[in-house]
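1. here is my input; please provide its structure:
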Amino acid sequence: YEQILLEATPVVYYGFYNDMRRSLNQDTITSGDAVYLSFQPHFRIYNEESKPVKTPSYKVLIGWQRIIKTDDDNFLTAAIETGHFSNGQAGSAFSTEFDDNSEESIAIYDSIIDDTDLAALLNRSTGNFSTNLTRFSFNYRLNTFNEDNIPQKIHSMTATYQLYHNKFMGLIDFGGYNPQDIDIYGRHKFELGYEFTSHLKKMRFTLSQQFDYTIGSHPSSVPYRSVTTGILYPWDNDLGFFTKFSFGRDNYNYRFVDNFPRFTVGVTWDWFTPFVIKPKKLQLDPNELENKSQG
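-> Numbers count the residues shown, from 1 in each chain. I've put the predicted structure just below:
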């Protein structure tokens with residue numbers, strides 16, 4: 001129904017507290033914490049009049065993470081994030097004629113059955129999408145270090161559970177979902193991801209695979225999404241070039257009713273700041289330290 005011309009997903013973090021770098025530079029196993037605000041807009045320009053961006057997507061999350069360095073100098077991280085997700089529109093999701101939550105809009109929802117093609121009905125210019133959400137994530141990262149104690153190879157595995165809910169942070173009656181919408185896009189989402197980062201001569205590269213599955217969505221909306229990505233950083237700095245192939249459920253707010261394969265090429269800027277830690281194999285044991293002090 002729409003042809004995507006350009007897409008951008010800038011992500012900005014503002015840290016309120018972060019002692020992770022200090023904790024990871026300790027010789028003993030020490031946990032570190034971070035509390036932050038994450039702003040994650042998502043913009044698309046279609047091959048048509050997009051004004052210039054049609055139905056932009058906004059996600060704002062308050063997060064807390066804890067990280068632990070294991071005996072083998074790997075990282076184990078747990079995170080909780082909660083916030084708001086919407087597109088800033090006020091129209092009915094499945095009609096350009098009516099406002100969201102109007103009697104006419106509610107009547108349209110009442111007429112939806114399992115065989116309804118929601119992608120064909122979708123109001124793609126002014127339709128409202130709004131919900132609050134909470135995410136629980138666990139990540140395990142295996143590190144291989146170079147002679148400067150900087151991670152040279154990284155295997156990163158992540159599992160996430162995401163819940164859409166009505167009250168902001170589960171407590172405040174603000175920014176919740178349309179009751180008819182939640183029955184269509186489903187409340188429970190599970191995510192599994194794997195990412196491998198390594199170096200080829202002086203270039204850094206990343207290969208990743210992400211798979212999502214949503215429970216309870218309308219039959220016309222596929223529950224799964226797969227994203228395969230490759231990124232090359234030619235100068236081993238923050239600027240890279242990527243290719244991405246995705247298929248299944250769309251991830252652009254209420255376009256979750258769309259299902260199509262996509263191949264994307266683009267540019268990414270990622271502030272890559274690997275933690276310089278002292279690997280266990282380079283640490284001196286207490287007995288050796290005592291012998292050196294006596295000598």
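2. how about Asp114: what's its closest non-neighbour residue?
-> Beyond its immediate neighbours in the sequence, the residue positioned closest to Asp114 (Cβ to Cβ, 6 or more residues apart in numbering) is Pro219, lying 4.8 Å away. Yep, even glycine has a C-beta here, placed from its N, CA and C like the rest.
3. quick check, pLDDT for that neighbour.
-> For Pro219, the model assigns a pLDDT of 91.
4. look up how far Phe129 lies from the closest residue to Arg249 other than its chain neighbours.
-> Excluding the flanking residues, the one nearest Arg249 by Cβ to Cβ, 6+ apart is Arg225, at 4.4 Å. As defined by Cβ to Cβ, to the nearest Å, Arg225 lies at a distance of 17 Å from Phe129.
5. the helices in the stretch 151-295 of the chain, which residues?
-> The residue ranges that make up the helices of the stretch 151-295 of the chain, judged by DSSP state H, counting those that start in this stretch, are 179-185, 286-294.
6. before we move on, back to that, for burial, what's the neighbour tally of the residue nearest to Asp114?
-> By other Cβ atoms under 10 Å, the residues close to Pro219 number 11.
7. quick one: it and Tyr164, what's the gap?
-> For Pro219, the distance to Tyr164 (Cβ to Cβ) stands at 18 Å.
8. Arg124 too?
-> Relative to Tyr164, Arg124 is positioned 21 Å away (Cβ to Cβ).
9. who's in contact with Asp115?
-> Under the criterion of Cβ atoms under 8 Å, 6 or more residues apart in numbering, the neighbours of Asp115 are Pro219, Ser220.
10. compare neighbour counts for Arg124 and Tyr164 and give me the winner.
-> Between Arg124 and Tyr164, counting by other Cβ under 10 Å, Tyr164 is the more crowded of the two (20 against 17).
11. residue contacts, that one?
-> Each residue near Tyr164 by Cβ under 8 Å, 6+ apart is listed here: Thr131, Asn132, Leu133, Tyr177, Ile182, Tyr185, Gly186, Arg187, His188, Lys189.
12. cool, Pro223 as well?
-> Shown here is Pro223, whose contacts under the criterion Cβ under 8 Å, 6+ apart are Gly186, Tyr213, Thr214, Ile215, Ser217, Arg249.
13. count of neighbours near the nearest residue to the fifth one once chain neighbours are set aside?
-> Closest residue to Ser217 apart from its sequence neighbours, by Cβ to Cβ, 6+ apart: Gly186 at 3.7 Å. Using other Cβ under 10 Å as the criterion, Gly186 is surrounded by 18 other residues.
14. same thing with the one 10 residues further on?
-> With neighbours defined by other Cβ under 10 Å, the count for Phe196 comes to 14.
15. and if you look at Ser86?
-> The tally of other residues near Ser86 (other Cβ under 10 Å) stands at 19.
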